[in-house]
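Asks: I would like to see how this sequence folds:
(2 chains)
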Amino acid sequence: MIRQAKGTRVSTHRLVHIYRSEGHEVAALSGVDLEVAPGEMVGLLGPSGAGKSTLLSLLAGVFRASAGKVHVGDLELSSASPRELDEMRANDVSLMLQGAVRNLLPYFTPQENVRFAQGAARRAGKDLPDPEDVLARVGLSADAHRPLATLTPGHLQLAALAVAIAPSPGLLLADEPTSQLDHPARDRVLGCMADINRDLGTTIVLVTHDPEVATFLPRTITIRDGRVGGEGRSGEEYAVVTPDGFLPLPVHVREDLAPGTLVRFHLVDGSYVLIPEPTEEADA
Amino acid sequence: MRLRYRPFQAIAIATLAALVTACAAFAPLYDRAMRQALTDIKIERTAPAVVGLQLRAIASDPRITFGSHVRTRPPEPEAVLAKVPEDMRASYLAPVLGYSAEASVPKGELPPTDAGGPTASTGHVIWRDGACDHVDFTEGGCPTSAGDVAISEADARTFGLRVGESFKVPGIPLNQASATVPSARLHVSGVYRQQPGDYWFGLSLTGLSGIVDPETDLLQHDLWLTDRATFTDSSVPPLNGQASTVDLPLDRDAVGVDDVLGLAGGIQRLAGEARHDTGVFVDVHSGLPSIVQDIRDQTGQSRVTVPLLMAQLGLLAVIVLWLVLLAVTEQRRPEVALARLRGRGRRGARGLLLAELLPVALAGVVPGAAVAVLGAWVARTQVLPGHAPFELGLRFVAAVALAVVVLTAVTLLAVSRVAREPVATLLRRVPPRRTGWSLGVGDALVVAGAGAVVVLFATGGLDGPVALAAPGLVAIVVGLVLAHLTSPSAAVVGRRLVARGRVRFGVSILDAARSPATRRVVAMVTVAAALAVFSADALAVGDRNRAAAAEQQAGAPMVAEIRGNDLAAVRAALHEVDPDGRRVTPVVRMLPPGSDSGGTLAVVPDAFRRIAILPGSAGSASVWDRLAVPDTKPIQATGTHLSLDVDDSTLVSRREDGKPSPVTLGLDLVTRSGETLHTTFGDLGGPTHHRRFGTDVSCGDGCYVTSVWVSTLPGATIDGEATLRHLVGTPGGQEATIGPADRWRSYVDAANGSFRPRSTAPDRLTLVVHSNGPSLVSMAQTWLQPQAPALVSRPLPPDLVTGRFTGVGLDAEDQPAVRVGALPRVPGARPGTVVVNLDAVTRGRTVSAGARMQLWFAHDDPAFLARTTKALADHDVFVASTSTLAGTRRTYDESTAAWSLGLAVVIGIAALLIALLVLVVSAVSTWRFRVRDLAALRMSGIPGGAIGTMAVAAQLPAVLLGVVAGTAAGLVGAQLALPIVPLFATAPEVSTLDLATAWGGVAGAAVGAAVVLGLGAVLIGRALARRSDVRRLRETV
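Replies: Okay, the predicted model is just below:
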């Protein structure tokens, strides 16, 4: 049986990531503050190009932050050495890439892929479950020794999930794990991830732009324009005040309040009331 | 599992690895096989006496001065044999022991014959172990006791000796003061006839009988055979010049190249040690050291050519392997990224790739080594002569080990290159790639390095092994630069084509422009085509030069050496078998003694021009017609007494003081043997109506009248006319026809005067003389050439502006000659040889014994040679030896220089196969993307036929471009490298070196490359098009 894993805490502080494109510098993330508690299952939502996958890559240590801090467990990634990053990936953090086949060595069976994924952790002395047990957890025991080319897309994604949890990581980062799947397969994958989160206490951060997936998750964080644009908990949408006091408006509010609109905050019966000032145009 | 997933890639890598190994391992095997073959044929085709070991020991006494005889007997042959170390003995067959000594019979000692034959002789007597088994006795038997001798049949005839007769030969006195000369009595026990065979070690027992010894003026006798006791028994005194001999025949079947090399050193050591023994002088003789030196020289040459060719092919294979590994590792970037994401680090990622690729690469080692061994076996059995044994040796093992190291290093480098990339880069679906005009650091370094070496070499700054890589380096520079320019250029061209509406072709070119495979294909096809073209050029140039050298050396398809100098007999015999001189022609060669000049080659111009193998335009009739001489008949006079009538003479001579002086009249006659007789007929005191002169001459066999002359006192003039008639020789009484005037050449000199003929009748000649003072003026017969017209093959000294010079005549005397034309070189002759008309130079001259007479045949026709030989024999002329053009060519072909160049065929084919492999590997490693692109085009409505055309057009131009560039690079490389490629084992005496491009070979290689690689590109393009099903657009594993 797979042993209980302790979830890894994740936090970012004013995280900035800038990349160059066609000679120009583009800010993918411009000051993201995030806190994910151990054992949480969090979804990163947002439109394409918002910076979700970039944030995930920064959490996995694939990218180095241009500014700010990224803490994964006790390790601060922006100053971590390559060796520390390798150790982190071997033992504590698994990244599931978008597209199942990108997570699998094409010439190995699911069982061999799982064994390969456990290699570094096992060498580091980590006590790990047998590959068969890992595959059983995602319901792939029957396909353990089949060539990948014979698996359905859903089973390929489950195999990718099995590979990701093979080293019993404290943090599972998944980029669009349900894209290109039909609904039953999607539900099965999400169910497996929820089971892992619940049974093993693995912290899970997944990126999705599928609203149906978002409803499945206990907590979602919306990334917009490189910032945390909001947060949803149990179906309720919240705006999040940043550490420096900024408050991004929810999308539907932005449609009403054009840029440049002056607003006032009034405390009324313990609740803040936001009162926009009428514009000259409106007066006219 | 991993191999099964990408089997074609595995096969390609293993094939290339095998090729690299084969290149490395074949070089030492082939080199070794060439050495063995060379050793084999050198030993096989050299006389046993030359390759064997001969020792000759004589007793030496330092107290005895030169010229005196040593009475001490030489050591026994067994003792001499013991000086040869045991390890050397193993390479030789059973020795033949012997003794030899002088056996000169003083006058009167030989029994007198009825015919009054000679009673003395000089020569040698020998004992040779087992000799009686190698002679036939026509009379008597084998000598069995001291003093018995067997004589030759010729000696029995020459000296009238019979079996049972005996005579004495002198021995050595007890001391110098002794007046008594001991003598040994020899008994004739038999008359032998020598059986030819290797036993005799080249020793000819006969051939001397009856020939005068120039030192003693005695007749020589052949070698006499005797019993060993003659040299060891105390009853026989020591004979003069007694020596013990040991002949060791080389065991040709047992010795290999290493034994021969070792033996040469052993022989030289033995010779050095043996000479230092006190009391004995041992002369060690063997031709083996010089053969070994030749083998070493040729081996040195092969060490230039074999690496030149093999290293470049190996380099090409390594580069292709490198590119293939780059493509393969590039394709595995996602796998490397996975290994990194699973915490395996760079080392783990490298390990992942190495675990897959290194076994595949090393799997090619054993097949590669096997291919090398197979290739060497084919070379041994099919290409190289001789019977070289199969050997592997340390160099083979070292070469295989080197291949393993290179393969491991190349794989490790290619793998490390990907493994050390950041994870973020590895995760990108499209890796960052240089697409502009700028050159990458790696490419720039290679281009700069290789380019610098080529420039250094072209400007003479480099020599030796580095220079050998010139063709490969030129090709690499051209290939890389062209490959680099191809992508951006193709992009520009593609965009323009699309803009002009030629969408399909434009898209194909754009497809090629964005594919990294295009660059690889251009670079590798360029290098491969360059190697193929260079190899073909080198092979053809080598072949052409060997053919030219052989033709120059042979002179004609077949040449027979004639014994003796009887030109008339030779020509008579030739007239019988080939009356019009179309199949055979006589050639007489005269070399001035002690000179390295070319000498004179006397030929029959018309026949020689047709039969000899002449260089370039030298065969033009206009050149050879210049050697023609007037076809006039000689004036012949025969008899021991000649008489001549002088009529109507007005010839008068006046001294400076005005007083008259008699005029002497005479003729120059040349005997049949070439001797000139300056013959005076008589004096004319003044004008006379008729005088009859007569004189005795040595013209019994006939003489030629070569000139008529008149003389007087020095300073006196001669004027007047006289008519000569009735030149009659007796006995016989035949009258010589001395007219008409056109048979004589007028003499006109502004200072000396003139001597002209005037006559219209054949029976008379009127002399018109006006002499201003020389004592003698003459007029030559036109049959005699004053200067032989000559074709020269070397510039004459600049002072000879008139073209007149003196060469050597066939009679070994000076031969006045005049240059009438030039030949670049004379076939079958040394540099500087002068070619003259045989008819012209034999008029009035003989062919001396020192001249070499040959017959040159138009065809290598043994049947015609046999007929000619018979016809010659009927005239008592014999053929000494024959040589053929084919045989001469074989001596050039059977050399390491030729065999090494033979590798060019292998190199050219292998280079093209490698390039074909590059095309296949490029297609295999990128087929998924390309098929998907083509499927997308198909989906957009482009018909299947057009898809096929576009798939082909994406690759074919790159291939053809590479072939064209490679051909140019190969030509440049050939220009740079060919001058240092050894074409001959030893440089021919007359250089026929021609390193001009062999356009036939080059065109063949270029067309071959274009066809093979172009066809490959077409087939690959069509195969990709066939797989471009729209279902490919779905992502698959």
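Asks: hey, where'd the strands end up in the stretch 151-284 of chain A?
Replies: In the stretch 151-284 of chain A, the segments counted as strands under DSSP state E, counting those that start in this stretch are A:171-175, A:203-207, A:219-224, A:227-233, A:236-238, A:263-268, A:271-276.
Asks: Would you mind giving these as a markdown table with mean pLDDT and distance to chain B added?
Replies: From N, CA and C alone the C-beta is placed, and that goes for glycine too. As requested, the strands of the stretch 151-284 of chain A are exported to a markdown table (pLDDT from 0 to 100; distance: least, Cβ to the nearest Cβ, whole Å):
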| stretch | mean pLDDT | distance to chain B |
| --- | --- | --- |
| strand A:171-175 | 93 | 10 |
| strand A:203-207 | 93 | 14 |
| strand A:219-224 | 89 | 19 |
| strand A:227-233 | 86 | 22 |
| strand A:236-238 | 82 | 32 |
| strand A:263-268 | 90 | 41 |
| strand A:271-276 | 89 | 41 |
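Asks: Out of the ones you listed, which gets nearest to residue B:350?
Replies: Nearest of the strands of the stretch 151-284 of chain A to residue B:350, taken as Cβ to Cβ: strand A:171-175 at 25.0 Å.
Asks: Output the contacting helices and strands for that closest one.
Replies: helix A:52-59, strand A:93-96, helix A:153-165, helix A:183-200, strand A:203-207 (3 or more Cβ pairs under 8 Å, 6 or more residues apart in numbering or on different chains; DSSP states H and E).
Asks: To residue B:735, which of these lies closest?
Replies: Here helix A:153-165 is closest among the helices and strands packed on strand A:171-175 (Cβ to Cβ), at 126.0 Å.
Asks: Which pLDDT value goes with whichever residue of chain B sits closest to chain A?
Replies: The nearest approach of chain B to chain A comes at residue B:343, 2.4 Å away (Cβ to the nearest Cβ). Residue B:343 is assigned 87 on the pLDDT scale.
Asks: from memory it sits against residue A:122, does it?
Replies: No. At 10.5 Å, residue B:343 and residue A:122 do not qualify as touching, with contact defined as Cβ atoms under 8 Å.
Asks: Can I get the strands of the stretch 151-284 of chain A in JSON lines including mean neighbour count?
Replies: As requested, the strands of the stretch 151-284 of chain A are arranged in JSON lines below (neighbours: other Cβ atoms under 10 Å in any protein chain shown):
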{"stretch": "strand A:171-175", "mean neighbour count": "25"}
{"stretch": "strand A:203-207", "mean neighbour count": "26"}
{"stretch": "strand A:219-224", "mean neighbour count": "22"}
{"stretch": "strand A:227-233", "mean neighbour count": "19"}
{"stretch": "strand A:236-238", "mean neighbour count": "10"}
{"stretch": "strand A:263-268", "mean neighbour count": "9"}
{"stretch": "strand A:271-276", "mean neighbour count": "11"}
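Asks: any chance of those in a markdown table, plus distance to residue B:578?
Replies: Output for the strands of the stretch 151-284 of chain A, formatted as a markdown table (distance: least, Cβ to Cβ, whole Å):
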| stretch | distance to residue B:578 |
| --- | --- |
| strand A:171-175 | 98 |
| strand A:203-207 | 102 |
| strand A:219-224 | 107 |
| strand A:227-233 | 111 |
| strand A:236-238 | 119 |
| strand A:263-268 | 127 |
| strand A:271-276 | 128 |
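Asks: which residues of chain A score low on pLDDT?
Replies: In the predicted model of chain A, residues A:1-5, A:22-23, A:279-284 satisfy pLDDT under 70.
Asks: Need the nearest residue in space to residue B:754, chain neighbours excluded.
Replies: Nearest residue to residue B:754 in three dimensions, chain neighbours excluded: residue B:748, at 4.5 Å (Cβ to Cβ, 6 or more residues apart in numbering or on different chains).
Asks: Pretty sure that neighbour sits in a helix.
Replies: No. With DSSP: H, G, I helix; E, B strand; the rest coil as the criterion, residue B:748 is strand rather than part of a helix.
Asks: hey, which of the helices and strands packed on strand A:171-175 is tucked in deepest?
Replies: strand A:93-96 (a mean of 28; mean count of other Cβ atoms under 10 Å in any protein chain shown).
Asks: relative orientation of the following helix or strand past that one and helix A:153-165 in degrees?
Replies: Next in sequence after strand A:93-96, counting helices and strands by DSSP states H and E, comes helix A:110-123. Here the directions of helix A:110-123 and helix A:153-165 differ by 10 degrees (axes from the mean of the first three to the mean of the last three Cα atoms, to 10 degrees).
Asks: So which elements touch helix A:110-123?
Replies: Contacts defined by 3+ Cβ pairs under 8 Å, 6+ apart place helix A:110-123 against helix A:82-91, helix A:131-137, helix A:153-165, helix B:345-363.
Asks: Looking at residue B:343 and residue A:122, which is more packed in?
Replies: residue B:343 (26 against 15; other Cβ atoms under 10 Å in any protein chain shown).
Asks: Specify the local secondary structure of the more buried one.
Replies: Applying three-state DSSP: residue B:343 is coil.
Asks: what about the residue lying closest to it once chain neighbours are set aside, how many neighbours?
Replies: For residue B:343, ignoring the flanking residues on the chain, the nearest one in space by Cβ to Cβ, 6+ apart is residue A:90 at 2.4 Å. Residues lying near residue A:90 (other Cβ under 10 Å) number 26.
Asks: Might one say that residue A:90 is in contact with residue A:118?
Replies: No. Counting by Cβ under 8 Å, residue A:90 sits too far from residue A:118 to count as a contact (9.3 Å).
Asks: Quickly list what's touching both of these two.
Replies: Residues touching both residue A:90 and residue A:118 (Cβ atoms under 8 Å, 6 or more residues apart in numbering or on different chains): residue A:167.
Asks: Which residues of chain A lie near chain B?
Replies: On the criterion Cβ under 8 Å from any Cβ of the partner chain, chain B has as its neighbours in chain A the residues A:57, A:60, A:62-63, A:82-83, A:86-91, A:94-95, A:97, A:99, A:101-108, A:112, A:116-117, A:119-121, A:124, A:148-149, A:156, A:167.
Asks: mind running it again at 7 Å?
Replies: Residues of chain A lying close to chain B by Cβ under 7 Å from any Cβ of the partner chain are A:62-63, A:86-87, A:89-91, A:95, A:101-103, A:105-107, A:116-117, A:119-121, A:148-149.
Asks: show me the contacts for the residue in the stretch 151-284 of chain A positioned nearest to chain B.
Replies: In the stretch 151-284 of chain A, no residue comes nearer to chain B than residue A:167, which is 7.2 Å away by Cβ to the nearest Cβ. Neighbouring residues of residue A:167 by Cβ atoms under 7 Å, 6 or more residues apart in numbering or on different chains: A:90, A:91, A:94, A:117, A:118, A:121, A:126, A:128.
Asks: can you check residue B:486 too?
Replies: So residue B:486 contacts B:518, B:519, B:522, B:958 (Cβ under 7 Å, 6+ apart).
Asks: Correct me if wrong, but it is in a strand.
Replies: No. Under three-state DSSP, residue B:486 sits outside any strand and is assigned helix.
Asks: Relative to residue A:145, how far out is it?
Replies: Using Cβ to Cβ, to the nearest Å, residue B:486 is found at 46 Å from residue A:145.
Asks: do residue B:1027 as well
Replies: Residue B:1027 sits 29 Å away from residue A:145 when distances are taken as Cβ to Cβ.
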